[in-house]
Structures are given as structure tokens and as C-alpha cells.
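S.K.: coords please:
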Amino acid sequence: MTISMLRKTALLAAAALAASLGVAEAQNKTLVYCSEGSPENFNPMINTTGTSLQASRPIYNGLTIFVNGTTNVGPALAEKWDVSADGLTYTFHLRRNAKWHSNKNFKPTRGFNADDVVFSFDRQGNPANPYHKVTGGGYDYWADMNMPKLLKSVTKVDDYTVKLTLNVPQAPFIANIAMPFASIQSKEYADVLLKMGKPELIDQDPIGTGPFEFVQYVKDATIRYKRFDGYYGDKAKVTNLVYSINKDAAVRLAKLRANECQISPFPSPADLPSIRADKNLQLLSQPGLNIGYLAFNVTRKPFDDVRVRTAINMAVDKKAILTAVYQGAGQTAKNLIPPTMWSYNDKIEDFKYDPAAAKKLLAEAGFPDGFETDLWAMPVQRPYNPDAKRIGELMQADLAKIGVKAKIVSYEWGEYRKRASAGDHQMAQLGWSGDNGDPDNFFAVLASCAAAKAGSVTKWCNQDYDALITKAATISNVAERTKLYEQAQVIMHKDAPYLFIAHSVVFWPLRANVTGFKISAVGGYDFANVDLK
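M.R.: Numbers count the residues shown, from 1 in each chain. Presented below is the predicted three-dimensional model:
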């Protein structure tokens with residue numbers, strides 16, 4: 001062999017080695033997401049916080065799904081569906097190629113089928129189901145979406161056909177079941193765990209059909225996932241997905257700049273200019289389908305009096321909060337739904353900032369010298385609230401001007417949600433990011449009488465309001481629904497169960513080499529399509 005031939009052979013061998021190393025590197029990409037908090041568990045049926053729902057999102061699928069970055073509904077575990085002429089019966093035709101994950105306790109003997117759908121809905125709606133009270137039960141979304149009254153039956157037609165029958169028509173039903181609470185769990189896994197005497201593992205060591213398998217969770221530190229190569233859809237672009245949990249926005253940004261994570265949520269508004277100026281980063285943004293609010297517990301004195309609730313609304317300078325905390329990245333709120341959503345009632349006039357009038361109202365309510373109260377502030381940042389503690393301090397100062405002494409209270413995030421749902425507070429900051437683009441997802445989930453029983457933070461139940469939103473959900477005509485929702489907003493404004501703070505702009509800083517990430521229109525984030533250049 002000549003020298004030139006030897007050289008050529010060596011070059012080809014080197015190229016082949018480089019190519020194989022490149023493939024190996026591509027096959028072992030790790031995407032690190034700097035999460036803002038720890039999940040309560042890994043069951044999206046039970047959780048209502050974005051933090052917990054996002055932790056389970058890579059694992060599970062539902063029958064339907066929101067197309068990434070939109071509010072459009074597409075097929076997932078159901079390939080297609082038929083709706084009866086009366087709008088009461090939905091027949092779902094299930095895909096035959098969806099496989100279940102596995103772990104040390106479970107090796108599936110079959111793929112996804114109708115039994116899993118029936119089990120997942122029955123677990124939430126049937127108190128006699130052996131899994132109904134596992135992990136404490138408390139299916140808030142199920143109750144808030146009025147599923148106990150809405151859903152008449154879930155019937156297995158055959159292994160790959162399921163029929164859901166409703167008691168009344170429900171305009172947003174297909175979108176509703178694209179939400180995380182309608183995720184499907186494995187009945188076979190549930191049966192195995194029951195025999196082991198460890199049913200709680202279904203929500204701690206989860207099995208799903210999603211693009212990533214659960215690997216490990218260390219509280220307040222990390223969640224680890226790996227790509228599920230048996231996934232029925234397009235395989236995830238990265239091999240490993242890691243949630244690095246950091247409550248502090250400054251810490252998350254420092255890790256992002258050091259490339260210790262590649263995606264980070266909820267930056268501090270003060271850091272936005274420096275993020276935009278950093279050539280190693282990119283900053284995505286869009287108006288949020290959200291609301292940040294202060295909820296009055298109307299079942300506890302003195303907030304059972306509408307005059308007190310109105311006075312607090314008039315005493316707080318929301319524009320000052322928007323400037324100091326949101327730093328212009330949003331707008332003050334006067335309704336529960338954001339102005340970008342259809343049926344928004346812009347004719348409603350917001351409460352004017354008027355401490356003198358607020359003090360007069362308090363006197364009329366029997367509190368001429370004010371009163372003492374708590375004011376809960378969330379321990380985490382959310383899309384709708386970048387700094388609850390600071391907002392609490394600003395509110396505290398405003399309320400002091402009318403004689404109201406507010407003590408700022410906070411707890412660990414899971415405990416905060418649990419206590420607020422139980423009604424332990426007088427006033428509590430919270431908020432909402434829309435799940436499906438429909439007004440019903442705000443009005444029913446947050447403020448219906450069913451929500452009040454299920455654990456809404458206001459505990460507010462107004463029968464006139466409830467009748468309007470209940471009727472609106474059964475009508476398919478958007479113009480007719482709009483009229484009803486506009487009337488409902490008038491009732492809510494008059495009764496003042498909330499102090500609406502702001503609708504925020506949502507920002508996402510990423511490393512410059514991140515591709516395929518889209519800001520979700522419905523609050524959850526899909527990492528399966530994300531790649532690292």
C-alpha cells in the first residue's frame with residue numbers, strides 16, 4: 001500500500017471515528033431546566049399548581065393534547081373522536097401503538113388500552129375506587145370542572161374504543177380533557193402496586209406513556225428523566241432531561257449564564273435588560289393568559305362583608321405595584337380573565353385608588369379604626385406574580401394608611417397551597433394561567449360554587465353568577481356565551497371576592513443554542529421538541 005493510500009485510509013478512519021463520536025454526543029444530550037420549585041407529587045390529577053403539573057408533564061399523555069404553543073386541540077392517546085348530534089356522547093378511538101414506561105417494580109405486559117382510560121377517570125370520580133384516596137385524594141380540577149355532575153359514564157366499547165357520555169352538552173369538553181388532570185395512568189401498574197401493598201408509588205414513582213420516563217426525584221434539588229425510546233410520537237431530541245430546582249431568580253439566572261441550565265422560567269423584571277444584552281442568551285416573551293390576584297376568604301370575618309372587600313380594593317395602589325414589581329411587563333387587572341380572551345368585559349370600571357373613600361367604607365362596615373389581618377405571600381415566583389413578598393409589602397404599606405394592620409405570612413409552596421385551599425387565610429395572593437383558552441377555564445375553575453366546595457381560595461359562591469357561567473358552558477355559540485360571561489363579570493366586580501392585581505407578560509430566558517422551545521399558550525411546557533445546537 002502506498003503512503004498516499006495509507007494517508008487516505010487513516011483520514012477515512014479518523015472521519016469515521018469523529019462521526020461516531022458526534023453521534024454518541026448527540027445521543028447523550030442533556031437538557032437542564034432551572035425549575036422554580038418542588039412538586040407536591042407526580043400525579044396531575046391531584047395537583048393544581050403549575051410547578052407540580054410541569055413536573056409530571058413529560059411523563060404522561062391524555063386522550064387529547066394542545067398543539068405546542070397554541071390553544072388548538074389535537075389527537076394524543078385518542079387518534080380521533082366522534083361527537084353525537086346532541087353533544088352528549090364522545091366516542092374516542094384509541095391508538096394501538098402507545099407503550100407504557102417501566103421501572104424496578106413494573107414491567108408492562110401490554111400496551112395502552114381502554115382499561116387505562118376507564119381506570120384513570122374512575123379513580124377521580126368514584127370514591128369506591130381503591131386509588132381514590134391514595135395521596136390524599138382531593139381531585140380539585142375534577143371538581144372545579146364540574147365533572148361529578150357533567151360526566152354520566154365512561155364505558156369501554158372494546159380494547160381501543162371508549163365512550164364518554166355527558167349529562168348536558170359542554171362546549172369546551174374536548175379542550176378540557178386535554179388538560180393535565182385528564183392524564184392517563186396505567187391500570188396494570190395500579191394492580192401490581194395494590195398486590196405489593198404500595199399503592200402510593202403510583203404518584204411517587206410514576207409510569208406514563210409520554211416522551212420521557214421518570215428516573216429520580218430529590219426534593220428541593222433535582223428531578224431526572226430519560227428519553228422514552230418506545231414513545232409513539234416523535235422521539236425527544238435530548239437523551240436526558242433534568243429539572244434543577246432553584247427558588248431564587250438570581251440563582252437561576254446565574255446558572256443559566258454559566259450554562260449549568262439551558263432554560264429558566266420567571267426572571268426578575270429588573271434583570272430583563274441585562275438578559276437582552278447577553279449574546280449567550282435569548283429572551284422569548286408573549287402576553288400571558290393569566291391573572292395575579294389577592295383572594296379574600298369570604299367565609300372569614302371581616303371579609304364576609306362586601307364593604308370591607310371593596311375598601312381593600314380601593315386602598316391598594318395597583319399602578320404602583322405594576323411599576324415597582326412588574327416594571328411595566330404587564331397591565332393592571334380589573335377582571336378575572338385577561339383582555340386578550342374573548343368575552344372580556346371592558347365596560348367594567350376598575351376600583352379607583354382612593355384611601356379616603358376606603359376608610360369611609362370601613363367605618364360604615366363597623367371598623368372606623370381598621371382591623372388586623374393576615375396577608376399571605378407565595379414563596380415562589382409564578383408567571384402572573386414575579387415577587388409576591390414585595391407585592392405583599394407594598395399592600396401592607398397601603399393598608400396601614402387606612403388603619404388595617406396586615407401581617408405577611410408564607411409557607412413552603414405545597415403547604416401554602418394546601419392551607420389556602422383549606423381556607424386557613426384571610427387574604428392570600430395567588431393567580432392562574434389559563435389551561436385551554438376558554439373563559440370557562442377561569443370562571444368555573446376559580447369562582448364557581450363547585451370550586452368553592454372543592455377548595456377555591458375565595459370560597460365565594462354566588463348563585464346568580466353560577467347560573468350564568470353554567471348555562472354559558474352548555475352553549476356552542478360564542479356570541480351567546482359572551483353575553484352571559486359579560487354579565488357574570490359584572491356580578492363578580494360588584495361582589496369583589498378578589499383584588500385583581502395584574503395580567504403579566506411571560507418571559508423565558510434561554511441559552512442561545514436552544515432550539516424548538518415554544519412559550520405555551522396554556523401554561524405547560526413541552527421539552528420533547530427542544531434541542532441543543
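S.K.: how many neighbours does A467 have?
M.R.: Residues within reach of A467, counting by other Cβ atoms under 10 Å, total 14. C-beta coordinates here come from the backbone N, C-alpha and C atoms, glycine included.
S.K.: Following the helix or strand harbouring it in sequence, what is the next regular element?
M.R.: Assigning secondary structure by DSSP states H and E places A467 in helix 463-473. Following helix 463-473 in sequence order, the next helix or strand is helix 478-495 (DSSP H and E).
S.K.: Any buried residues in that next one, and which?
M.R.: By neighbour count on 16 or more other Cβ atoms under 10 Å, the buried set for helix 478-495 is 481-482, 484-489, 491-493, 495.
S.K.: Also stretch 84-91?
M.R.: Buried residues in stretch 84-91, counted by 16+ other Cβ under 10 Å: 89-91.
S.K.: same thing with stretch 381-397?
M.R.: With burial defined by 16+ other Cβ under 10 Å, the residues of stretch 381-397 counted as buried are 381-388, 391-396.
S.K.: Same question for stretch 495-508.
M.R.: If you call a residue buried by 16+ other Cβ under 10 Å, then stretch 495-508 has these buried ones: 495-508.
S.K.: of all those residues, which comes closest to R224?
M.R.: R224 lies nearest to W508 out of the buried residues of stretch 495-508, by Cβ to Cβ, at 21.8 Å.
S.K.: Endpoints of stretch 269-279, how far apart?
M.R.: Stretch 269-279 has an end-to-end distance of 18 Å (Cα to Cα, to the nearest Å).
S.K.: And the buried residues of stretch 381-397, which two are furthest apart?
M.R.: Between any two of the buried residues of stretch 381-397, the greatest separation by Cβ to Cβ is 23.5 Å, found for P383 and Q396.
S.K.: Compute the distance between P130 and T71, please.
M.R.: Separation of P130 from T71 (Cβ to Cβ, to the nearest Å): 36 Å.
S.K.: Name the residues of stretch 410-418 that are buried.
M.R.: Applying 16+ other Cβ under 10 Å to stretch 410-418 flags 410-411, 413-414, 416-418 as buried.
S.K.: Tell me which residues of stretch 394-407 come out buried.
M.R.: Judged by neighbour count (16+ other Cβ under 10 Å), stretch 394-407 contains these buried residues: 394-396, 398-399, 402-404, 406.
S.K.: I meant to write stretch 200-220 there.
M.R.: Across stretch 200-220, burial judged by 16+ other Cβ under 10 Å covers 201-203, 205-214, 217.
S.K.: so how far is that stretch off the chain centroid?
M.R.: Mean C-alpha position of stretch 200-220 versus that of the full chain (Cα atoms, centre = their mean, to the nearest Å) differs by 18 Å.
S.K.: Stretch 331-345 now?
M.R.: On Cα atoms, centre = their mean, the centre of stretch 331-345 falls 19 Å from that of its chain.
S.K.: CA atoms only: put that stretch into PDB for me.
M.R.: Extracted C-alpha coordinates of stretch 331-345, given in PDB (Å, rounded to 0.1, in the frame of the first residue of the first chain):
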ATOM      1  CA  GLN A 331     -51.100  45.700  32.900                       C
ATOM      2  CA  THR A 332     -53.300  46.300  35.900                       C
ATOM      3  CA  ALA A 333     -56.300  43.900  36.100                       C
ATOM      4  CA  LYS A 334     -59.900  44.600  36.600                       C
ATOM      5  CA  ASN A 335     -61.500  41.300  35.500                       C
ATOM      6  CA  LEU A 336     -60.700  37.600  36.200                       C
ATOM      7  CA  ILE A 337     -59.900  36.900  32.500                       C
ATOM      8  CA  PRO A 338     -57.200  38.800  30.600                       C
ATOM      9  CA  PRO A 339     -58.200  41.300  27.900                       C
ATOM     10  CA  THR A 340     -56.800  39.100  25.100                       C
ATOM     11  CA  MET A 341     -59.500  36.500  25.900                       C
ATOM     12  CA  TRP A 342     -62.900  36.600  24.200                       C
ATOM     13  CA  SER A 343     -65.800  37.700  26.400                       C
ATOM     14  CA  TYR A 344     -63.600  40.200  28.300                       C
ATOM     15  CA  ASN A 345     -66.000  42.900  29.700                       C
END
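S.K.: pLDDT averaged over that stretch - what is it?
M.R.: Stretch 331-345 comes out with an average pLDDT of 94.
S.K.: Okay, buried residues for that stretch please.
M.R.: 331, 333-338, 341, 343-345.
S.K.: before we move on, the earlier item: looking at P130 and T71, which one has more neighbours?
M.R.: T71 (18 against 13).
S.K.: Need the pLDDT of that one.
M.R.: At T71 the predicted local confidence, pLDDT, stands at 77.
S.K.: what do you get for G125?
M.R.: In this prediction, G125 carries a pLDDT score of 96.
S.K.: That one: how many residues sit nearby?
M.R.: 17.
S.K.: Please verify my assumption that it contacts L151.
M.R.: Yes - using Cβ atoms under 8 Å, G125 makes contact with L151 at a distance of 6.5 Å.
S.K.: Tell me the helices and strands packed up against the longest strand belonging to the chain.
M.R.: Selection of the longest strand in the chain by residue count, based on DSSP state E, yields strand 498-511. Applying 3 or more Cβ pairs under 8 Å, 6 or more residues apart in numbering; DSSP states H and E, we find strand 498-511 packed against helix 249-257, strand 281-287, strand 290-296, helix 306-315, helix 318-321, strand 330-332.
S.K.: Kindly provide the whole-number mean pLDDT of the following helix or strand past that strand.
M.R.: Note on strand 498-511: by DSSP H and E, the next helix or strand toward the C-terminus is strand 514-515. Strand 514-515 carries an average pLDDT of 98.
S.K.: Can you tell me which of the buried residues of stretch 200-220 comes closest to K301?
M.R.: The closest of the buried residues of stretch 200-220 to K301 turns out to be D203 (Cβ to Cβ; 37.1 Å).
S.K.: Are we agreed that the closest one is in a helix?
M.R.: Yes - assignment of D203 by DSSP: H, G, I helix; E, B strand; the rest coil places it within a helix.
S.K.: do you know how far it is from A528?
M.R.: For D203, the distance to A528 - Cβ to Cβ - is 22 Å.
S.K.: Check L283 too.
M.R.: L283 is 22 Å from A528, by Cβ to Cβ.
S.K.: who's more crowded, the two?
M.R.: A528 (21 against 16).
S.K.: where does the more buried one land in three-state SS?
M.R.: Of the three states, A528 takes coil according to three-state DSSP.
S.K.: what's the spacing between it and G74?
M.R.: A528 is 14 Å from G74, where distance means Cβ to Cβ.
S.K.: Same question for Q429.
M.R.: For Q429, the distance to G74 equals 35 Å [Cβ to Cβ].
S.K.: quick one: low-confidence ranges for this protein?
M.R.: Within the chain, the ranges that satisfy pLDDT under 70 run 1-27.
S.K.: you'd agree P130 is up against G197?
M.R.: No - applying Cβ under 8 Å as the test, P130 and G197 come out as separate, 11.7 Å apart.
S.K.: Let's see which of the buried residues of stretch 84-91 end up in helices.
M.R.: Using DSSP state H, no member of these falls within helices.
S.K.: ok, now which ones touch A502?
M.R.: Residues counted as contacts of A502 (Cβ atoms under 8 Å, 6 or more residues apart in numbering) are 291-292, 318, 321-322, 326, 330-333, 384.
S.K.: Indicate which one of the helices and strands packed on strand 498-511 is closest to D234.
M.R.: strand 281-287 (21.6 Å).
S.K.: Same question for the closest one: list its buried residues.
M.R.: 281-283.
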